[in-house]
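Asker: pasting the structure only:
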């Protein structure tokens, strides 16, 4: 294995990791605070991607970085508004309900997302080109580093740093963490827990929409996009520790590295190292990398 | 007074029951002829399944407008198989239980292979509209399964022969192969054909590199793309398909992978990649079940295209629609030939049948229920047009010259097996 190969594989693994983290971040936030595993999260990521595609199309295409970023942010805002509706109509009613019913309800929501997408945008596949500044690759010796890959890595890191800063260094963020830890005590201390829950849902959905927009050029746009990341998103959340943003971030990087280097070592068995790694990590640390062990 | 004994009561009751069934029997003979359409209408294959459905519905409308089959109007009983064998089996059993013995649809290889034994057990007939498995004509052969469209081996071998004819200097070949049965088999057939045609036509021995196995149904192909970059092949044969193929091609752009090859040959995506990527697509050869432009002047094709446009506002129906269309016309002709829609009569009359389709006449080979049809190959390039692409080359290969001889019940024998 040459240095160029190592560099390329590192960038590939980080690209996979950050794309997965971008999708998983909102899911982890909502689960960590409301303890609801939102099975429809992929559906809202998909809606965000389609929204960003339509916005860019209306503004003359995604050729400009400004349009691309604007489309992503606008998609985040749109999906956040959808999140408020979903919270009002569905998620509030799932508080204290058995996990099985939560999964059924959020799966039904996913079907609504897929059906709506088909109705609004049809069945055709779409391929959205990245902005001109992200097209092509940097060549470092023999290593080929696509600019879009580097953008996705940077976006994932920015979202992670932003979320960590929000949760640990701001008042509202610390409030979210406090309510996640002990909502009863928070209520006793006069905190409007319901309002914080609603805001958390909005942020979680906004992250899904933003991820959809930022990743719209990464893969084909189709009504099956919701399921494209779901396995790996749930994988990094479980590995990282349910509800831990930093755990999801580290879990994504770890699994990305294992997947990339695993395919180098075992090219005839694509995907196997990912599942073997997940199994081993859960056997050794069932609570996940950053989760708290149950006693 | 007439004496009614038990024997008489039983006799007259049986007669009455039989008479009560007669109107139903008469209605069944004169009511619509129901044909099952089992195809993916949701899930990852829904996009292609929608073409199958449209093609079948157009065929039924055309047939009914012309008087139906043996004076009976045709009605489709449509079921969603979700490209999943379990769902397909449930749908098939439901329709067979309701007395519907003729079926079409099925684009998933796993579905078609699962349906073969059931059709045999329950006395039904199934026609696939695009499943790529060669096993249905070989070790998994069932007399009740038919393929009215391209033989997968015929198309793949035609592609390899074309590469030897047009690109004799391209001798280092690799494959981008999805890690499942269809992908691996298609690659094996292509390699087998390269090993046959390059020495014969180009007078050179091809170098076959280890194919890059791509995961199926994922959103990231970068590791596979990187592997392919390291190989330094001159030609590549892509077996990934649908949304996976578009994602893979899209991500490969960032690496400049496709630009490194002297020729890109795609197994079966028709215009899917071209429509998705438009002006960004890499130039490539691909196989078509049906290319409308090349079949202009064929009255059946012209009518099919016009009806398809009127129904869907799509002026370029993809091949799966044409295969569904062809399957209904095959049923029509087989039923009319045998004057019966009963399963064994239809099977007997499908075998050896030559019938007209949108691509011209086809013949259903009696030995293995595989149609022999000409292979259509196109070279697609990006273009500054509304569509974003154009077909700059078209080749029609005589199907008889590339199809393997029939060997139902036996495993396909390849040089690379």
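Answerer: Here it is on my side, so go on. Everything numeric in this text was worked out from a predicted model, so none of it was measured.
Asker: per-residue pLDDT of residue B:6, please?
Answerer: On pLDDT, residue B:6 comes in at 61.
Asker: list phi and psi for residue 122.
Answerer: I went with chain A, as the question did not name one. For residue A:122, the backbone dihedrals are phi 80, psi -170 (criterion: degrees, to the nearest 10).
Asker: hm, I was asking about chain B
Answerer: phi -100, psi 10.
Asker: identify the residue spatially nearest to it, adjacent ones excluded.
Answerer: residue B:96 (4.4 Å; Cβ to Cβ, 6 or more residues apart in numbering or on different chains). Bear in mind the C-beta positions are built from the backbone N, C-alpha and C, glycine included.
Asker: what count of nearby residues applies to the one you found?
Answerer: Residue B:96: 19 surrounding residues under other Cβ atoms under 10 Å in any protein chain shown.
Asker: host element of it?
Answerer: Taking DSSP states H and E as the definition, residue B:96 sits inside helix B:85-97.
Asker: phi, psi for residue 66 please.
Answerer: Going with chain A. The phi/psi pair for residue A:66 (degrees, to the nearest 10) is phi -60, psi -40.
Asker: wait, chain B
Answerer: Dihedral pair for residue B:66: phi -90, psi 10, per degrees, to the nearest 10.
Asker: do the same with residue A:20
Answerer: Dihedral angles for residue A:20 - degrees, to the nearest 10 - are phi -70, psi -40.
Asker: relative to residue B:81, how far out is it?
Answerer: According to Cβ to Cβ, to the nearest Å, residue A:20 and residue B:81 sit 31 Å apart.
Asker: please apply the same query to residue B:149.
Answerer: In terms of Cβ to Cβ, residue B:149 sits 17 Å off from residue B:81.
Asker: can you check residue B:309 too?
Answerer: 27 Å.
Asker: excluding sequence neighbours, find me the nearest residue to residue B:108.
Answerer: Residue B:108's closest residue in space is residue B:83 (Cβ to Cβ, 6+ apart), at 4.1 Å.
Asker: and the one you found, what element?
Answerer: Going by DSSP H and E, residue B:83 is not in any helix or strand.
Asker: follow-up on the earlier one: please identify the buried residues of the helix holding residue B:96?
Answerer: Residues B:85, B:87-89, B:91-92, B:95-96 are the ones in helix B:85-97 that count as buried (16 or more other Cβ atoms under 10 Å in any protein chain shown).
Asker: just put those residues in CSV and tack on pLDDT.
Answerer: Shown next, in CSV, are those (pLDDT from 0 to 100):
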residue, pLDDT
B:85, 96
B:87, 97
B:88, 97
B:89, 97
B:91, 97
B:92, 98
B:95, 98
B:96, 97
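Asker: still on that earlier bit, packing partners of the helix holding residue B:96?
Answerer: In terms of contacts (3 or more Cβ pairs under 8 Å, 6 or more residues apart in numbering or on different chains; DSSP states H and E), helix B:85-97 is packed against strand B:33-39, strand B:74-80, helix B:109-122.
Asker: read off the pLDDT value for residue 156.
Answerer: Unless you meant another one, I'm taking chain A. With respect to pLDDT, residue A:156 has a value of 97.
Asker: ah, I was thinking of chain B
Answerer: So residue B:156 comes in at 97 (pLDDT).
Asker: now do residue A:208
Answerer: 96.
Asker: so it sits against residue A:51, correct?
Answerer: No. Residue A:208 is beyond contact range of residue A:51, at 11.0 Å (criterion: Cβ atoms under 8 Å).
Asker: how about the helices in the chain?
Answerer: Using chain A. A:3-34, A:41-58, A:65-89, A:99-121, A:147-169, A:171-181, A:183-188, A:193-214, A:230-240, A:245-265, A:272-284 (DSSP state H).
Asker: chain B, not that one
Answerer: Counting by DSSP H, chain B has helices at residues B:6-30, B:46-65, B:85-97, B:109-122, B:152-166, B:181-197, B:222-231, B:242-255, B:272-277, B:299-312, B:319-338, B:343-350.
Asker: JSON lines please, covering these and showing distance to residue A:231.
Answerer: Formatted as JSON lines, the helices of chain B follow (distance: least, Cβ to Cβ, whole Å):
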{"stretch": "helix B:6-30", "distance to residue A:231": "48"}
{"stretch": "helix B:46-65", "distance to residue A:231": "20"}
{"stretch": "helix B:85-97", "distance to residue A:231": "20"}
{"stretch": "helix B:109-122", "distance to residue A:231": "20"}
{"stretch": "helix B:152-166", "distance to residue A:231": "29"}
{"stretch": "helix B:181-197", "distance to residue A:231": "20"}
{"stretch": "helix B:222-231", "distance to residue A:231": "16"}
{"stretch": "helix B:242-255", "distance to residue A:231": "15"}
{"stretch": "helix B:272-277", "distance to residue A:231": "23"}
{"stretch": "helix B:299-312", "distance to residue A:231": "34"}
{"stretch": "helix B:319-338", "distance to residue A:231": "28"}
{"stretch": "helix B:343-350", "distance to residue A:231": "42"}
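Asker: most centrally placed residue in chain B?
Answerer: residue B:130 (1.2 Å; Cα atoms, centre = their mean).
Asker: now that residue, nearest residue through space, not along the chain?
Answerer: residue B:107 (4.3 Å).
Asker: mind listing what the one you found touches?
Answerer: Contacts for residue B:107 (Cβ atoms under 8 Å, 6 or more residues apart in numbering or on different chains) come out as B:39-40, B:45, B:48-49, B:52, B:83, B:128-131, B:320.
Asker: out of those, which are buried?
Answerer: By 16+ other Cβ under 10 Å, the contacts of residue B:107 give B:39-40, B:45, B:48-49, B:52, B:83, B:128-131, B:320 as buried.
Asker: got those as CSV, with pLDDT columns?
Answerer: Formatted as CSV, the buried ones among the contacts of residue B:107 follow (pLDDT from 0 to 100):
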residue, pLDDT
B:39, 97
B:40, 96
B:45, 90
B:48, 93
B:49, 96
B:52, 98
B:83, 92
B:128, 97
B:129, 96
B:130, 92
B:131, 92
B:320, 96
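Asker: so which bits of chain B are right by chain A?
Answerer: B:43-44, B:46-47, B:50, B:179, B:210, B:212-215, B:217-220, B:222-224, B:226-227, B:229-230, B:242-244, B:246-247, B:249-251, B:253-256, B:272, B:275-278, B:280 (Cβ under 8 Å from any Cβ of the partner chain).
Asker: redo that, cut-off 7 Å
Answerer: For chain B, the residues in contact with chain A (Cβ under 7 Å from any Cβ of the partner chain) are B:44, B:46-47, B:50, B:179, B:213-215, B:219-220, B:222-224, B:226-227, B:229, B:243, B:246-247, B:250, B:254-256, B:272, B:275-277, B:280.
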